[in-house]
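Undergrad: Generate coordinates for the sequence data below:
(2 chains)
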Amino acid sequence: MMGAMSHIEPGKQVAQPAIEISHLQKAFGSKVVLSDFNLTINNGETVVVMGRSGIGKTILIKCIIGLIKPDGGQMFVFGKDISKLDHRELDELRMRVGFVFQSSALYDSMTVRENLEFPLRRDRRKKITENIDDLVREALRNVGLENAIDLMPSELSGGMRKRIGIARGLILKPEIVLYDEPTTGLDPITSEEITQLILSLQQKYKTTSIIITHDVDLAREAANRIVFLAKGVAYTQGTYDELVHSDDPEIKHFFKR
Amino acid sequence: MASIPKIKTVFSKSLDDFFYGIAELAQFSVNVFREGIRPPYEFKEVLNQCYEIGIKSFVLVGVTAFILGLVLVMQSRPTMIEFGAGSYLPAMSSISIVREIGPLVTALICAGKIGSGISAELGSMKVTEQIDAMEVSGTNPFKYLVATRILATTLMIPVLTVYADFISLIGAFTGSNIKDDVNVHFYFNRVFEALHYTDVIPSFTKTFFFGFTIGLVGCTKGYNSKKGTEGVGKAANISVVVSMVGVIIIDMVVTQITSMLGYL
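TA: Numbers count the residues shown, from 1 in each chain, chains lettered A, B, ... in the order given. The predicted model follows:
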């Protein structure tokens, strides 16, 4: 197993990390998914998590947002221990973290407009001072789908659904965004468009991001650091170039060299 | 022929499933009360669900209730006349409808229409991660989706029952007028003379329990559905069966209690 490659220069003062995960464990029955997962993500960093299908990448980000309860270990988001937050505190933290689902998870019974309005109307931190309609239109402009505002999710193509999913995940202007396989199931051209969209939104909103993907092109373009998840641990991590040139057979096989 | 150990295994599994189902419903109802009483309250969503569940069922419940009232009188009339009790038709039909037919038929129709609808909707939201999406938006899906639907069914089934009773009595009046010529004032005077508060109160009270059961079962099965779209279909199916059986058991218990109190 390769060691973690550090990216923090010696002597440089380190700000509080956005996400800190230590010794995370999760099993479903006898199947151990995460056995001892450790990861620290700094503010503004984009970390891509890669690994084989079914290895536990989605479980990892669902643990971070509190959708799945881990069996052991600790997770700090903005310095707060997720496991010690009550319902209200967890809801407040979730407002600061955007989640883009693999399936987009748009509400079937609502129009695109209502899908985007939902998080805004549920935001209990503050009264929305800006016009909700303006915020929805801005979010749709960001993903290039202003004309889809009154469509139902069933009327959207796969690529459009992904874009609306991204728009909804970012509408509260979260400080952290978790993307679950944003380009899976899309053709290469649409995948590239989604990749460029993610990059432009990250530049615009300066978010900290975790991207779960198998898409090597997305990883190369977006990642400050790639974490390779295998055997329930952060098997190795480094930049795209470091992983691509790795001699580890598992990594080599994944990147098909 | 299946071997005895195999039969024992199947029997044991069914028994396990039965007790697991009871525990699941009990745990869900505890959560409903716990989440339902804790602010913030989802009044707007409760009203929305009352409209979806209640108002949209008016036509189906009305048509069924009218036909049942009409058929009840047409079927009973020959026998009642044979025994010289034709003048008791309004009293017989009103007591049958208000005590039993109205509440039970409304609850069974709603178990089929509303229970399966809730279960399929929540099940499909679960498998497509919409419930997770709601949770990450800082919304408690249990409170927003489950507690509101259960409260709406608990409130709307009694409303639908009163409406069904009324329409069914009109059906019974229509049935009486097919062969006879009955005056509307005379008919409804006899109907209300025959009804006592001991007929109305227990039958109205049990409809709240019917509504709660239909909502609880539909939400429990939908919210806990697994295994993708196959699981959604299964959840909708089981929810109809369980809520119908639940309604009939509650009906039996209420009848027994009413009888023990000397109201029957």
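
Undergrad: Strands of chain A, start to end?
TA: All strands of chain A, identified by DSSP state E, fall at A:19-28, A:31-41, A:46-50, A:72-77, A:80-81, A:97-100, A:176-180, A:208-212, A:225-230, A:233-238.

Undergrad: Mind checking the ones you listed for the one nearest to residue B:121?
TA: When the strands of chain A are ranked by distance to residue B:121, counting by C-beta to C-beta, first place goes to strand A:97-100 at 22.0 Å. C-betas here are computed from N, CA, C, even on glycine.

Undergrad: if we can go back for a sec, what's the closest of the strands of chain A to residue A:110?
TA: Using C-beta to C-beta, the nearest of these to residue A:110 is strand A:97-100, at 17.4 Å.

Undergrad: burial of residue A:24, as a residue count?
TA: Counted with other C-beta atoms under 10 Å in any protein chain shown, the neighbours of residue A:24 add up to 26.

Undergrad: ugh, wrong one, residue A:134
TA: As a burial measure, residue A:134 scores 9 neighbours (other C-beta under 10 Å).

Undergrad: Deepest in the core, which of the strands of chain A is it.
TA: strand A:97-100 (a mean of 26; mean count of other C-beta atoms under 10 Å in any protein chain shown).

Undergrad: Please name every helix or strand in contact with that one.
TA: helix A:158-170, strand A:176-180, helix B:130-136 (3 or more C-beta pairs under 8 Å, 6 or more residues apart in numbering or on different chains; DSSP states H and E).

Undergrad: Quick one: residues in contact with the last one.
TA: To tie it back to what came earlier, the one meant is helix B:130-136. For helix B:130-136, contacts defined as C-beta atoms under 8 Å, 6 or more residues apart in numbering or on different chains pick out A:62, A:65, A:67, A:94, A:97, A:99, A:101, A:105-108, A:118, A:168, B:122, B:124-125, B:141, B:144-145, B:223.

Undergrad: Using PDB, write out every CA atom in that helix.
TA: C-alpha atoms of helix B:130-136 as PDB (Å, rounded to 0.1, in the frame of the first residue of the first chain):
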ATOM      1  CA  GLN B 130     -35.700  11.800  -3.300                       C
ATOM      2  CA  ILE B 131     -36.100  11.300   0.400                       C
ATOM      3  CA  ASP B 132     -32.300  11.600   0.900                       C
ATOM      4  CA  ALA B 133     -32.400  14.700  -1.200                       C
ATOM      5  CA  MET B 134     -35.100  16.100   1.100                       C
ATOM      6  CA  GLU B 135     -33.000  15.300   4.100                       C
ATOM      7  CA  VAL B 136     -29.900  17.000   2.800                       C
END
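
Undergrad: mind listing what's buried in that helix?
TA: B:130, B:131, B:132, B:133, B:134, B:135, B:136 (16 or more other C-beta atoms under 10 Å in any protein chain shown).

Undergrad: What sits closest to residue A:163 if chain neighbours are left out?
TA: The shortest distance from residue A:163 to any non-neighbouring residue, by C-beta to C-beta, 6 or more residues apart in numbering or on different chains, is to residue A:143 (4.0 Å).

Undergrad: Could you check how many residues crowd around the one you found?
TA: 22.

Undergrad: quick one: contacts for it?
TA: Neighbours of residue A:143 in contact, by C-beta under 8 Å, 6+ apart: A:163, A:164, A:166, A:167, A:197.

Undergrad: quick one, phi/psi of it?
TA: The phi and psi values for residue A:143, taken as degrees, to the nearest 10, are phi -100, psi 10.

Undergrad: For residue A:209, give its distance to chain B.
TA: To chain B, residue A:209 is 15 Å away according to C-beta to the nearest C-beta, to the nearest Å.

Undergrad: Who are the contact partners of that residue?
TA: Going by C-beta under 8 Å, 6+ apart, residue A:209 touches A:45, A:46, A:47, A:176, A:177, A:178, A:179, A:198, A:202, A:222.

Undergrad: Residue A:33 too?
TA: Applying C-beta under 8 Å, 6+ apart, we find residue A:33 in contact with A:26, A:27, A:55, A:56, A:59, A:232.

Undergrad: From residue B:127, how far out is the closest residue to the fourth one other than its chain neighbours?
TA: In this case it means residue A:56. Distances taken as C-beta to C-beta, 6+ apart put residue A:33 closest to residue A:56, at 3.8 Å, once the chain neighbours are dropped. For residue A:33, the distance to residue B:127 (C-beta to C-beta, to the nearest Å) stands at 20 Å.

Undergrad: For the stretch 51-200 of chain A, give me the ranges with low pLDDT.
TA: A:124-130 (pLDDT under 70).

Undergrad: Could you pick out the residues of the stretch 101-250 of chain A near chain B for me?
TA: A:101-103, A:105-109, A:118-119, A:122-124, A:168 (C-beta under 8 Å from any C-beta of the partner chain).

Undergrad: Widest-spaced pair of those residues?
TA: Among those, A:102 and A:124 lie farthest apart (C-beta to C-beta), at 27.3 Å.

Undergrad: okay, these two: which has more neighbours?
TA: residue A:102 (18 against 13).

Undergrad: is the helix or strand hosting residue B:208 anywhere near chain A?
TA: In this structure, residue B:208 sits in helix B:197-223 according to DSSP states H and E. No. Helix B:197-223 does not reach chain A (C-beta under 8 Å from any C-beta); its nearest approach is 13.9 Å.

Undergrad: Could you pull out the buried residues of that helix?
TA: Here helix B:197-223 shows B:199, B:202-204, B:206-207, B:209-223 as buried, counting by 16+ other C-beta under 10 Å.

Undergrad: Who are the contact partners of the residue nearest the centre of chain B?
TA: Nearest to the geometric centre of chain B sits residue B:107, at 2.3 Å (C-alpha atoms, centre = their mean). Contact analysis of residue B:107 by C-beta under 8 Å, 6+ apart lists B:157, B:161, B:207, B:210, B:211, B:214, B:247, B:251.

Undergrad: if we go to 10 Å?
TA: Counting by C-beta atoms under 10 Å, 6 or more residues apart in numbering or on different chains, residue B:107 makes contact with B:114-115, B:153, B:157, B:160-161, B:164, B:206-207, B:209-211, B:213-214, B:243-244, B:246-248, B:250-251.

Undergrad: For the stretch 51-200 of chain B, which residues are neighbours of chain A?
TA: For the stretch 51-200 of chain B, the contact set with chain A under C-beta under 10 Å from any C-beta of the partner chain comprises B:52, B:121, B:124-125, B:127-140, B:143-144.

Undergrad: 8 Å - rerun?
TA: Selection of the stretch 51-200 of chain B residues close to chain A by C-beta under 8 Å from any C-beta yields B:121, B:124-125, B:128-130, B:132-140.

Undergrad: Show me what the closest residue to residue A:82 other than its chain neighbours bridges to in the sheet.
TA: Distances taken as C-beta to C-beta, 6+ apart place residue A:75 nearest to residue A:82, at 4.6 Å, with adjacent residues excluded. Counting by DSSP bridges, residue A:75 forms beta bridges with residue A:21.
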